[in-house]
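Chemist: next comes the sequence, and after it the predicted model I'd like to discuss.
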Amino acid sequence: MEQLKLTMNKRYDVSHKALDLQSLRYDPGFAHLHINIILNRRSCMAATLQIIEKNFPELLSLNLHNNRLYQLDGLSDIIQMAPTIKILNLSKNELKSTWELDKIKGLKLEELWLEDNPLCHTFPDQSMYISAIRKCFPKLLRLDGQDLPPPTTVNIDRPYISKPLKESCNGSDVLKTQVLQFLQQYYLIYDSGDRQRLLGAYHDEACFSLTIPFIWDNPAISSLFEYFKDNINMEILKDPNLHFQLLKYTKHDIVSSLCALPKTHHDLSSFLVDVWFQSERILCFCVSGVFREVDGRSQGTLRAFTRTFIVTPASNSSIFIVNDELFVRDATPSEIQKSFSIPVPTLSQEQQEMVQVFSTQSGMKPQWSQKCLQDNEWNYTRAAQVFTMLKIEGKIPEEAFKQIP
């Protein structure tokens, strides 16, 4: 502990309140004493955090570059022991999933470095990567050395402010970024299982409507029965008063209605977005795509949807939904074929057997078992430990598990 403290003192920049612990295990101060300080060991990380808490209580920047960190369990105590940290460098480590970042999301980071970690290559594009990281650190201003665009938040609990949209949206590129960020955040929450968090996305007096196709022969046999009670299709409703009653007014009624709909998993890569009207105080755009139902009698069923949002500026870069129109139908064979199209790598016989055993012992579906093993480099013991930990923390979605007859 004394040698570790001495080494850390040498690596501390007083003027910037910055501690540089990159490649700590190779520090010459440990070599002649035959001490191995390996920060991916919980004991070593715990000792390091103890010294930080006692000796650097106002630490603003911590550099953990190149320390072979493959999980952040040991670092999770930093939230209590060094809550002042604003800059964290985790680049060139072995982090494979953003799940690890959930363990330190209590930090109010403004700058984060993650480049050269395996998790950086798990996203189809940069915007998805930024959106996932911002889920953990909403106040983040810089990522991997690049300034981030202002976040379009949907978790708003502030009074409505009428402010021209063009003040925060200068040009088509910025507008496109704003809309895409909004949709990514919205559906990240919508698919999370906790749709109550969408309350902040809607204006107090917003309106929501749901429509499904009309089946002429026998509407009751439609596979969309779980959406039927809220359907406002005018071909079905001859009473205009009933049509009015089925509209959802106020954000609380809207979110309550959304919570009653089947749980979903949207295929973001299927989204097509059309911004069809923009003025100083209003923005109208339409998004269509495909989603899978993940619970209820129609679990696993693929649906197609079209959703029209009318939004108005709230404050800063945030926006409020004032009108939300959702149309749901069965997906066509072509849409089903193209949806959730993730290439599946060829597995060896040994890996296939490992997936089968892991699926049996964990109770997870084979594709989820395979992902868990792949994320842990086919180390069965490590994969089992990670699975157990995530299951205890409730971080594995219900759709990952096999249905019990």
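Modeler: Everything's here; your move. Residues are numbered from 1 along each chain as shown.

Chemist: go through this protein and flag its longest strand.
Modeler: Counting residues, the longest strand found in the chain (DSSP state E) is strand 264-278.

Chemist: what pairs with the helix or strand following that strand, parallel or antiparallel?
Modeler: Note on strand 264-278: by DSSP states H and E, the next helix or strand toward the C-terminus is strand 283-293. Strand 283-293 pairs in its sheet with strand 264-278 (antiparallel), strand 302-313 (antiparallel), by DSSP bridges.

Chemist: okay, now the sheet partners of the following helix or strand past the last one, with direction.
Modeler: As assigned by DSSP H and E, the chain's next helix or strand after strand 302-313 is strand 319-330. Strand 319-330 has the following strand partners under DSSP bridges: strand 202-211 (parallel), strand 302-313 (antiparallel).

Chemist: and whatever helix or strand comes next after the first one, what's buried?
Modeler: In other words, strand 202-211. Once the chain leaves strand 202-211, the next helix or strand it forms, by DSSP H and E, is helix 225-228. With burial defined by 16 or more other CB atoms under 10 Å, the residues of helix 225-228 counted as buried are 226-227. Any C-beta I mention is one placed from the backbone N, CA and C, and that applies to glycine too.

Chemist: pull helix 225-228 out as PDB, backbone CA atoms only.
Modeler: Provided in PDB are the C-alpha atoms of helix 225-228 (Å, rounded to 0.1, in the frame of the first residue of the first chain):
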ATOM      1  CA  PHE A 225     -56.500  -8.300 -31.000                       C
ATOM      2  CA  GLU A 226     -54.300  -6.800 -28.300                       C
ATOM      3  CA  TYR A 227     -54.500  -3.400 -30.000                       C
ATOM      4  CA  PHE A 228     -58.200  -3.600 -30.800                       C
END
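
Chemist: quick one: contacts for Ser131?
Modeler: For Ser131, the contact set (CB atoms under 8 Å, 6 or more residues apart in numbering) comprises 181, 184-185, 188.

Chemist: could I get the phi/psi values of it?
Modeler: Phi and psi for Ser131, reported as degrees, to the nearest 10, are phi -60, psi -40.

Chemist: give me the below-cutoff pLDDT ranges for the stretch 301-405 of the chain.
Modeler: Along the stretch 301-405 of the chain, segments meeting pLDDT under 70 span 314-318, 341-346, 402-405.

Chemist: that one: helices as residue ranges?
Modeler: Remark: helices assigned in the stretch 301-405 of the chain by DSSP state H, counting those that start in this stretch are 333-338, 349-362, 366-375, 380-392.

Chemist: okay, those in CSV with distance to Asp204 and mean neighbour count next?
Modeler: Putting those into CSV (distance: least, CB to CB, whole Å; neighbours: other CB atoms under 10 Å) gives the following:
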stretch, distance to Asp204, mean neighbour count
helix 333-338, 36, 12
helix 349-362, 45, 14
helix 366-375, 40, 19
helix 380-392, 37, 15
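
Chemist: need these in JSON lines with distance to Phe123, can you?
Modeler: Putting these into JSON lines (distance: least, CB to CB, whole Å) gives the following:
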{"stretch": "helix 333-338", "distance to Phe123": "20"}
{"stretch": "helix 349-362", "distance to Phe123": "24"}
{"stretch": "helix 366-375", "distance to Phe123": "14"}
{"stretch": "helix 380-392", "distance to Phe123": "20"}
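
Chemist: Leu60 is nearest to which of those?
Modeler: Among those, the nearest to Leu60 by CB to CB is helix 380-392 (30.3 Å).

Chemist: contacts for that closest one, please.
Modeler: Residues from elsewhere that reach helix 380-392 (CB under 8 Å, 6+ apart): 71, 73, 99, 354, 358, 361-362, 364, 372-373, 375-376, 396.

Chemist: and the two most separated of those residues?
Modeler: Longest span within these, CB to CB: Asp73 and Met354, 24.1 Å.

Chemist: of all the helices of the stretch 301-405 of the chain, which one is nearest Asn40?
Modeler: helix 380-392 (11.8 Å).

Chemist: could you give the angle of the closest one to helix 366-375?
Modeler: For helix 380-392 against helix 366-375, the angle by axes from the mean of the first three to the mean of the last three CA atoms, to 10 degrees is 120 degrees.

Chemist: and Gly193, how many neighbours?
Modeler: Applying other CB atoms under 10 Å, we find 15 residues neighbouring Gly193.

Chemist: correct me if wrong: it contacts His265.
Modeler: No. Gly193 sits out of contact with His265 when judged by CB atoms under 8 Å, with a separation of 10.3 Å.

Chemist: taking the centroid of this structure, which residue is nearest it?
Modeler: What sits nearest the mean C-alpha location of the chain, by CA atoms, centre = their mean, is Ala132, with 4.3 Å.

Chemist: relative to Ser298, how far out is Thr48?
Modeler: 50 Å (CB to CB, to the nearest Å).

Chemist: per-residue pLDDT, Lys163?
Modeler: Here the pLDDT value assigned to Lys163 is 34.

Chemist: circling back: pipe the strands paired with strand 319-330 into JSON lines and attach mean neighbour count and distance to Asp253 per row.
Modeler: Converted to JSON lines, these look like this (neighbours: other CB atoms under 10 Å; distance: least, CB to CB, whole Å):
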{"stretch": "strand 202-211", "mean neighbour count": "19", "distance to Asp253": "8"}
{"stretch": "strand 302-313", "mean neighbour count": "20", "distance to Asp253": "17"}
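
Chemist: quick check: which of those strands is nearest to His32?
Modeler: Nearest to His32 among the strands paired with strand 319-330 is strand 302-313 (62.6 Å), distances taken as CB to CB.

Chemist: relative to the whole chain's centre, how far out is that closest one?
Modeler: Centroid separation for strand 302-313 versus its chain: 19 Å, with CA atoms, centre = their mean, to the nearest Å.

Chemist: now the element after the lowest-mean-pLDDT helix or strand in the chain, going C-ward?
Modeler: Each helix and strand of the chain was given a mean pLDDT (mean pLDDT, DSSP states H and E); the minimum falls on helix 240-246 at a mean of 57. Downstream of helix 240-246, the next assigned helix or strand under DSSP H and E is strand 248-249.

Chemist: counting by contacts, list what that next one packs against.
Modeler: strand 202-211 (3 or more CB pairs under 8 Å, 6 or more residues apart in numbering; DSSP states H and E).

Chemist: please work out the average pLDDT along the strand it packs on.
Modeler: 90.
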